[in-house]
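**Student:** Structure for the following, please:
(chains A, B and C)
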Amino acid sequence: MTDSTGTTAPAPTADLDGAAAPDRSGLYLVDGSGFIFRAFHALPMMTRPDGTPVNAVLGFSNMLLKLLADVKAEAVAVVFDSARLNFRNEFYPDYKAHRPETPEELKPQFALIREATDAFCLPSLELDGYEADDLIATYARLAQEAGRPVTIVSSDKDLMQLVGPGVAMYDPMKNKHIGPDEVFEKFGVQPDKVVDVQALAGDSVDNVPGVPGIGVKTAAQLITEYGDLDTLLANAEKIKQPARRQKLIEFADQARVSRRLVQLEANAPQPKPLEDLRVREPDHRRLIDFLKAQGFRSIVARVEMEMKRDGRIADAGLPASPATPGAVDADGVVAPQPTATVEKRYELVQDLAALEVWVRRAQASGVIAVDTETNSLTPATATLVGVSLSTAPGLACYIPLAHGSAAAAAGQLDFDAPPPPKQIPTADLMAALKGMLEDPAILKVGHNFKFDHQLFARNGVTVSPIDDSMLISYALDGGAHGHGMDELAELHLAYTPISFKEVCGTGKTQITFDQVPLDKALDYAAEDADITLRLWTLLKPRLVEARMVTVYETLDRPLVPIIADMERAGVRLDQDALKRLSQDLAVRLVEIEKDVHQLAGQSFNIGSPKQLGEILFDVMKLGAGKKGKTGAYSTDSSVLEELAEQGHSIAQRVLDWRQLAKLKSTYTDALQEKIEALTGRVHTAFALAATNTGRLSSTDPNLQNIPIRTEEGKKIRRAFIAAPGNRLISVDYSQIELRLVAEMANIQALKDAFRDGLDIHAATAAQVFGVPLDQMTPDIRRKAKAINFGIIYGISGFGLSRQLGITPGEANSFIKTYLERFHELKVWMEATKSFARDHGYVETLFGRRCYMPGIQDKNPARRAFAERQAINAPIQGTAADIMKRAMNRVPAALAAAGSHAQMLLQVHDELLFEVPEAEAEQAAALVRAVMEGAASFSVPLVAEAGIGSNWGEAH
DNA sequence: CGCATCACG
DNA sequence: GACGTACGTGATGCGA
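**Tutor:** Residues are numbered from 1 along each chain as shown, chains lettered A, B, ... in the order given. Now for the predicted structure:
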């Protein structure tokens, strides 16, 4: 490895990349003092449970661990300064005089760092009256003379003068080798002239005076020209520039003193012979004990993992090392980066003084991850239990607000319970954070921020501006995978976060977050904020690369506060009406059940498809019965309807029972349970990143599937009512998806029909079946309507035949005629499928991508399915985009008009509002206008509004 | 916890 | 000509 001729620069003295065989002959000289200060200033203050500050100890330990993992050396020495004063002060008392006093928090860490060095079984060097740099110079010379390569581990530029044949430097902070080229880059001269340059340029940090007016650039130029400092000073009169000449003459002595200051002493006494620096086998037990005593949990984990890898602990189940970190593979998926390599620094914040640090960090960096913990999943009514923040990877805090107060909150006195921990009152926290959370210059990042936004809004804080890592992922990878934090952490960070179950348990023994002990709550909650920030850091830049910035910025992100307001508002239900409906349904279900059992000749559970199938097809022998893949008879409504048509009265009775049972269990019973005591209303959760097409979905309860198609169902819809003095307004897009088919496929005849405001299904029927509009029959129109829907779904002859109850042959001929009349459609469908095959995704008109993993599947059935998805997704997705555009504009438009209307629900093509009675007409007109203007196409968008005291009436 | 069923768009 | 079908959701009850 070394260059025996000494005429060219040496190769790095050890193999730091693991590419070649490790060089065991080398000496590593670690600049311990340099690292203490760097670690101390780079890491936030942290303390052991006993209050001892340990941030520098942690940074130092991490550095040693990394070094030992990276290099295999025969000899290592960690070199320290011994005292503040050294021989340089004897001839220049002001040397390093401007250094500030050692911070109080650092003082106790010096001893711990020496302990750490011992725990790592590494030899250390220090000598009174000499700086670490002098010892490094001395031992580097010794090793060099012994023909052994030296690597100086430091980022201190003052050591660069030592670089030369057999001596290299390595900066572990930047993971950078420093050879003659790097030195030249820094000082403009070869390493052996570095002291001359420094002598001229001086160093304000070390209070080395140099020559005033001369910096590194000029110094390098002069030294290059004259060869060295002495020659330069001897020839100072010859310098052309008068000012420079005069300074050099005047400050010649000062330059010579400066050189003595920066020149390292390579002949210092040796506290230990070179042989004593040999690396010893580390004592892992001792090391782990030391690290545990400092509370460095994640380093302990790393050391234990290293031990396993080295075979010191038997364990076959080690994780495989991930692919190149951060590399982007062909699918644009970023290879996981192991999170274990980042030290976690999680802090519990229990007073406002500790909080201030975090606000300052947010102000400094301009971005902070925010997460809230609550005692329930309904943010409209949940109690805020704590807030976590993260300002840098691995750096997070948790601020408990309502822990250990469950009994107190319930008004119970429990003298056995421990007293609640010290916590900031929620109102005080909000007051302290409000400025930061509303600061337009500080970006607040959350994962599913809609939830947190609601909690802050309920506490009088409107968080803005925001980013949402979940929505960024959704814009980037919608359809490719889910976007929950745990899933994304696994995928992008190769990390499994602490699960909620682990912290709160599950089922009957589940506890709420306010009952979680603070240490566990800290681990869990701080980690959530930490991971959120890491995901954001990783995903946000990808928006630009994927050209998905506009989708995210104009469609999804602005929706967060708007949906949060809708959820928070909730919707009023007529609980008495629901109760009466439930009772009515219960009575009728019993009657029907009696009938069915009588017709079957025995008692059985009608709600069990298995038992029902056996009764119908085995016991009663009503036809053959179709069995599904599970081997059970199918008893779904299409089967029962067929049986009913054949005159089997039991089938119709079962259909009736099914319908009523569904309405009772899913709606009249369940909705009552969902009325929140605090608000007297029902608060659904709209999922913003759940569907493959860009639609929203609604859960807990789902208010996007409230019955409307049957008379019984409409009764349930009428139980959705306006508050006293208010009205409900329902505004829905008319035929939006079919309009988009006409627009996107550019179907002239269909576009004309829409522009003329025709009954679109009748117009289609006229075109396809050649029936003049004045001779249209309901049946022909019904067939055309079914085909129109079929188009949107990615039509198939089989599907259409089943829908219309005709043969697949007939259905195919309908489709053929349709595609002839609207020939542009066929072209568009083929182009869309081809695009999907080429790209693996399809796009909406607004650029949202919907990934279709199955489009290349070898199985023709699965591929055909993906092709239908590829047809449907741009249509459904564009409609969803348009609705989002409308929703983003409506609240501001209402506010600007002075309206008090509140948006409550979205049902894909419909928006529901609650509005003071007197404003209803005006609001309805305004919403219609905004919806119709949400996009501008050659096909008009049409929205229709209804007003009523309940949802049934308004629709 | 997966399946079948059915409510909506 | 395969292969099993309309697209997108969520909640419920059953039964292993």
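**Student:** Quick check: next helix or strand after the helix ranked longest in chain A?
**Tutor:** Secondary structure of chain A read by DSSP state H shows that its longest helix is helix A:860-896. For helix A:860-896, the following helix or strand on the C-terminal side (DSSP states H and E) is strand A:902-906.
**Student:** Could you verify that residue A:361 is part of a helix?
**Tutor:** Yes: according to DSSP: H, G, I helix; E, B strand; the rest coil, residue A:361 belongs to a helix.
**Student:** From residue A:48, how far off is it?
**Tutor:** Look at residue A:361 and residue A:48: by C-beta to C-beta, to the nearest Å, they are 22 Å apart. C-beta: built from backbone N, CA, C; applies to glycine.
**Student:** what mean pLDDT does the longest helix of chain A have?
**Tutor:** Regarding helix A:860-896, the rounded mean pLDDT is 97.
**Student:** can you check stretch A:697-714 too?
**Tutor:** In the prediction, stretch A:697-714 has an average pLDDT of 97.
**Student:** Can that stretch be said to contact DNA strand B?
**Tutor:** Yes: Stretch A:697-714 lies within reach of DNA strand B by C-beta under 7 Å from any atom of the strand, at A:704, A:705, A:706, A:707, A:708, A:709, A:710, A:713.
**Student:** buried residues in that stretch?
**Tutor:** A:697, A:698, A:701, A:703, A:704, A:706, A:707, A:712, A:713, A:714 (16 or more other C-beta atoms under 10 Å).
**Student:** Repeat that for stretch A:640-655.
**Tutor:** Across stretch A:640-655, burial judged by 16+ other C-beta under 10 Å covers A:640, A:643, A:644, A:648, A:650, A:651, A:653, A:654, A:655.
**Student:** can you tell if stretch A:800-813 touches DNA strand C?
**Tutor:** Yes: contact between stretch A:800-813 and DNA strand C, assessed by C-beta under 7 Å from any atom of the strand, occurs at A:800, A:802, A:803, A:808.
**Student:** Centre of the chain to that stretch, how far?
**Tutor:** Between the centre of stretch A:800-813 and the centre of its chain there are 47 Å (C-alpha atoms, centre = their mean, to the nearest Å).
**Student:** for the residue of the stretch 351-500 of chain A found nearest DNA strand B, what are its contacts?
**Tutor:** Nearest to DNA strand B in the stretch 351-500 of chain A, going by C-beta to the nearest atom of the strand, is residue A:499, at a distance of 12.0 Å. Shown in contact with residue A:499 (C-beta atoms under 8 Å, 6 or more residues apart in numbering): residue A:486.
**Student:** Residue A:344 too?
**Tutor:** A:297, A:298, A:394, A:396, A:526, A:527, A:530.
**Student:** Of those, which is the most crowded?
**Tutor:** Highest neighbour count within the contacts of residue A:344, by other C-beta atoms under 10 Å: residue A:530, with 30 neighbours.
**Student:** Counting by contacts, list what the helix or strand hosting that residue packs against.
**Tutor:** Under the criterion of DSSP H and E, residue A:530 resides in helix A:518-545. Judged by 3 or more C-beta pairs under 8 Å, 6 or more residues apart in numbering; DSSP states H and E, helix A:518-545 is in contact with strand A:345-348, strand A:367-374, strand A:384-392, strand A:395-400, strand A:443-446, helix A:469-477, helix A:485-493, helix A:500-504.
**Student:** Which strands border the first one, and is each parallel or antiparallel?
**Tutor:** Paired with strand A:345-348 in the same sheet, following DSSP bridges, are strand A:395-400 (parallel).
**Student:** CA-only coordinates of the strand it pairs with in PDB, if you can.
**Tutor:** Taking C-alpha atoms only, strand A:395-400 is exported to PDB below (Å, rounded to 0.1, in the frame of the first residue of the first chain):
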ATOM      1  CA  LEU A 395     -34.200  14.300  17.300                       C
ATOM      2  CA  ALA A 396     -37.700  14.400  18.800                       C
ATOM      3  CA  CYS A 397     -39.600  15.200  22.000                       C
ATOM      4  CA  TYR A 398     -42.800  14.300  23.600                       C
ATOM      5  CA  ILE A 399     -44.900  16.800  25.600                       C
ATOM      6  CA  PRO A 400     -47.300  15.000  27.800                       C
END
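**Student:** ok, which stretches of the stretch 101-250 of chain A are strands?
**Tutor:** Assigned by DSSP state E, counting those that start in this stretch, the strands in the stretch 101-250 of chain A fall at A:124-125, A:150-153, A:167-171, A:176-178.
**Student:** right, so those strands: which one is the most enclosed?
**Tutor:** The highest mean neighbour count among these, using mean count of other C-beta atoms under 10 Å, belongs to strand A:150-153: a mean of 27.
**Student:** Could you list the residues in contact with it?
**Tutor:** A:12-14, A:26-31, A:67, A:71, A:73, A:136, A:139-140, A:143-144, A:159, A:162-163, A:166-172.
**Student:** now it, how far from the centre of its chain.
**Tutor:** So, by C-alpha atoms, centre = their mean, the centroid of strand A:150-153 is 40 Å from its chain's centroid.
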